[in-house]
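A.B. asks: Provided below for reference: sequence and predicted model.
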Amino acid sequence: MTAAKHGNAESGGSGFAPLRQPVFAVLWVATVLGNVGTFIRDVASAWLVTDLSASPSAVAMVQAAGTLPIFLLAIPAGVLSDILDRRRLLIVIQLCLACISGTLALLAHAGELTVTSLVALTFLGGVGAALMAPTWQAVVPELVSRADLKNAVALNSIGFNIARAIGPAIGGLLLAGFGAAVTYGADVASYLLVICALLWWRRKGNDGDELQEHFFGAFRAGLRYARASRPLHIVLLRAGLFFIFASSAWVLLPLVARSLLNGGPGYYGLLLGAVGAGSILGAFVLPMLRRALSSDNLMLGAALIAAAVMACLSFAPPQWLAVVILLLLGVGWITALTTLNGITQSILPNWVRGRGLAIYLTVFNGALAAGSLLWGGVAEQIGIPNTLLVAAAALVVMAMVARALPLPAGEEDLTPSNHWPEPLLAEPVAHDRGPVLITITYRIRKADRPAFWAALKPLAEVRRRDGAYAWGVSEDTSDSEHIKEWFFVESWAEHLRQHRRISHADADLQKDVLALHAGPDKPLVEHFLALEKPDRKH
């Protein structure tokens, strides 16, 4: 089970306060156990493929099969998490994942497991993970009070890394001592535990909302927001660049453990456990680092640590030293993950946060999948040590170049301002009526025209993010100070949603524009609906 892994917010209460709430505590423990099972399964699959094939490309295919579905399905999954009952959706996903691991156990027991079947079943497991990741992140605010939400996210990060620390080690021991069938069986048992916890949770039903989005409309709204948000563009680009190069450490680690370090499955599990332990250490150290370093410096530090680890591994260090080195990789990895995820959450308003995080997960897992295939192919040509050195050098260069595109601060107030008045209606309007044209008429002095353009540009981004599919501004041919801003929205319901979405930060942008209006009254706002065809029925 994939939990909401990262958060960088502060809270005035104890970091463990959310565990005092029984529902969160039970589901948190269940999630940790579920993630332990997932890591047990992943260790078994990653090691078994090296038994089935010595090809680095085969190892890379298994890695890519687990992450590619999240790249392909994260956005639809984010939409589903908003329109379906999340508890039921999680239960169905857990049942499907249990069936997948059960199939792996049966094939392993019968000696019928092949690279093809392993890749196919790993892909199906990735589909389940893709559906679950945004859904679990979406339910966390339902489990704790608003004051404890940030601490709950931090606890999920710690829980995930606890599972990362012990899951691989348990998986390696089970695989070495009892074989693949028992190892996959342990993963099945973990899913059953999670299902029991979800059945115990009595989730309250949501009250009906007449403006509730439907799948395709919500899907378009999420993509429209992402397309118009420059801060999100910056985060996604920085994340993609970092993870496509840093992924080489993960994709090649099974071969490093076996070929360079002469270890067995237990040792490989120990290496992964070291990364998890390093992540836990990093999660506790990060609050102090954030007070001293900017987000850009944290990302630079994470890249330098990861590059140094890859370079050291290329020289085949002693086994004990490799374990210590991978502790550092865990620190660097969790630093990058929490920094990027925290900024992503801080720049997304609540109404689109699930879909925005799903888009971030798409880029994250797409970069991991692309990196897996890239570095697997490179290792086929130049060998594992040289590939690690090339990837390390590329990661350092990327980190230096990326500093030219600073990460957003994420300090704006994105809570709804609710300052737009309700539109005046001559008669009720059906929600599916559209498209809708909204016009705002200003009077702008010629001397203020440059300042007006500068103030209007960020407001245009807001219009597009919140629902407009077309935007423009025009001047009256008979009076050049008579300026009309206009934008189109696909339906009346979508425009009413715009009223809910406008934030305090957006309201400040609007004030900058209104300050340049020279008319005696407020700018005139008008709404126009596409004319309906006359009813021909008699």
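C.D. replies: Thanks, I have it. Predicted model only: the values in this text are computed from it and were never measured.

A.B. asks: T338 versus the most centrally placed residue in the chain, what's the distance?
C.D. replies: Nearest to the mean C-alpha position of the chain, counting by Cα atoms, centre = their mean, stands L361 at 3.3 Å. Counting by Cβ to Cβ, to the nearest Å, the separation of L361 from T338 is 15 Å. Heads up, the C-betas are built off the backbone N, CA and C, glycines and all.

A.B. asks: List the buried residues in stretch 40-51.
C.D. replies: Going by neighbour count (16 or more other Cβ atoms under 10 Å), the buried part of stretch 40-51 is I40, R41, D42, V43, A44, S45, A46, W47, L48, V49, T50.

A.B. asks: Next: stretch 89-107.
C.D. replies: 89-91, 93-94, 96-98, 100-101, 103-105, 107.

A.B. asks: hey, C-alpha coordinates of that stretch in CSV?
C.D. replies: Extracted in CSV, the C-alpha atoms of stretch 89-107 (Å, rounded to 0.1, in the frame of the first residue of the first chain):
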residue,chain,number,x,y,z
LEU,A,89,-12.0,2.0,-3.7
LEU,A,90,-9.1,1.3,-1.4
ILE,A,91,-10.6,-2.1,-0.4
VAL,A,92,-11.1,-3.2,-4.0
ILE,A,93,-7.5,-2.2,-4.9
GLN,A,94,-6.1,-4.1,-1.9
LEU,A,95,-8.1,-7.2,-2.9
CYS,A,96,-6.7,-7.0,-6.5
LEU,A,97,-3.2,-6.5,-5.2
ALA,A,98,-3.6,-9.6,-2.9
CYS,A,99,-4.7,-11.6,-6.0
ILE,A,100,-1.6,-10.5,-7.9
SER,A,101,0.8,-11.4,-5.2
GLY,A,102,-1.1,-14.7,-4.7
THR,A,103,-0.5,-15.5,-8.4
LEU,A,104,3.2,-14.8,-8.0
ALA,A,105,3.3,-17.1,-5.0
LEU,A,106,1.6,-19.9,-7.0
LEU,A,107,3.8,-19.5,-10.0
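
A.B. asks: Off-centre distance for it?
C.D. replies: The chain centre lies 23 Å from the centre of stretch 89-107; the measure is Cα atoms, centre = their mean, to the nearest Å.

A.B. asks: what sits up against it?
C.D. replies: For stretch 89-107, the external contacting residues (Cβ atoms under 8 Å, 6 or more residues apart in numbering) are 1, 34, 37, 41, 44-45, 80-81, 113, 117-118, 121, 124-125, 128, 131-132, 135-136, 139, 180-182, 184-185, 187-188, 191-192, 194-195, 198-199.

A.B. asks: Just the buried subset of those residues, please.
C.D. replies: Among these, those classed as buried by 16+ other Cβ under 10 Å are 1, 34, 37, 41, 44-45, 80-81, 113, 118, 121, 124-125, 128, 131-132, 135-136, 139, 180-181, 184-185, 187-188, 191, 194-195, 198.

A.B. asks: Can you flag which of these belong to helices?
C.D. replies: 34, 37, 41, 44-45, 80-81, 118, 121, 124-125, 128, 131-132, 135-136, 139, 180-181, 184-185, 187-188, 191, 194-195, 198 (DSSP state H).

A.B. asks: just to revisit the earlier point, mind putting the buried residues of stretch 89-107 into JSON lines with distance to L329?
C.D. replies: Shown next, in JSON lines, are the buried residues of stretch 89-107 (distance: Cβ to Cβ, whole Å):
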{"residue": "L89", "distance to L329": "34"}
{"residue": "L90", "distance to L329": "31"}
{"residue": "I91", "distance to L329": "35"}
{"residue": "I93", "distance to L329": "30"}
{"residue": "Q94", "distance to L329": "30"}
{"residue": "C96", "distance to L329": "32"}
{"residue": "L97", "distance to L329": "27"}
{"residue": "A98", "distance to L329": "31"}
{"residue": "I100", "distance to L329": "29"}
{"residue": "S101", "distance to L329": "27"}
{"residue": "T103", "distance to L329": "32"}
{"residue": "L104", "distance to L329": "28"}
{"residue": "A105", "distance to L329": "30"}
{"residue": "L107", "distance to L329": "32"}
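
A.B. asks: F528: which of those residues is nearest?
C.D. replies: L89 (39.6 Å; Cβ to Cβ).

A.B. asks: Secondary structure element holding the closest one?
C.D. replies: helix 86-110 (DSSP states H and E).

A.B. asks: Stretch 70-84: which residues count as buried?
C.D. replies: Neighbour counts over stretch 70-84 (16+ other Cβ under 10 Å) mark 70-82 as buried.

A.B. asks: Roughly how far does the nearest residue to S81 once chain neighbours are set aside sit from A460?
C.D. replies: Closest residue to S81 apart from its sequence neighbours, by Cβ to Cβ, 6 or more residues apart in numbering: T135 at 4.0 Å. Separation of T135 from A460 (Cβ to Cβ) stands at 33 Å.

A.B. asks: for R202, same thing?
C.D. replies: For R202, the distance to A460 equals 46 Å [Cβ to Cβ].

A.B. asks: next one: phi and psi at L113?
C.D. replies: Torsion angles at L113 (phi, psi; degrees, to the nearest 10) stand at phi -70, psi 130.

A.B. asks: That one contacts L52, doesn't it?
C.D. replies: Yes: in this structure L113 lies within contact range of L52 using Cβ atoms under 8 Å: 7.3 Å.

A.B. asks: Dump the buried residues of stretch 40-51 to a markdown table, plus distance to G410 and pLDDT.
C.D. replies: Shown next, in a markdown table, are the buried residues of stretch 40-51 (distance: Cβ to Cβ, whole Å; pLDDT from 0 to 100):
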| residue | distance to G410 | pLDDT |
| --- | --- | --- |
| I40 | 36 | 88 |
| R41 | 35 | 87 |
| D42 | 32 | 84 |
| V43 | 36 | 82 |
| A44 | 39 | 84 |
| S45 | 37 | 83 |
| A46 | 35 | 78 |
| W47 | 40 | 78 |
| L48 | 42 | 80 |
| V49 | 40 | 78 |
| T50 | 42 | 75 |
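
A.B. asks: Which of these sits closest to P406?
C.D. replies: Nearest to P406 among those is D42, at 34.9 Å by Cβ to Cβ.

A.B. asks: That closest one contacts Q63, correct?
C.D. replies: No: in this structure, D42 is not within contact of Q63 by Cβ under 8 Å, at 9.2 Å.

A.B. asks: any common contacting residues for these two?
C.D. replies: Common neighbours of D42 and Q63 are not found (criterion: Cβ under 8 Å, 6+ apart).
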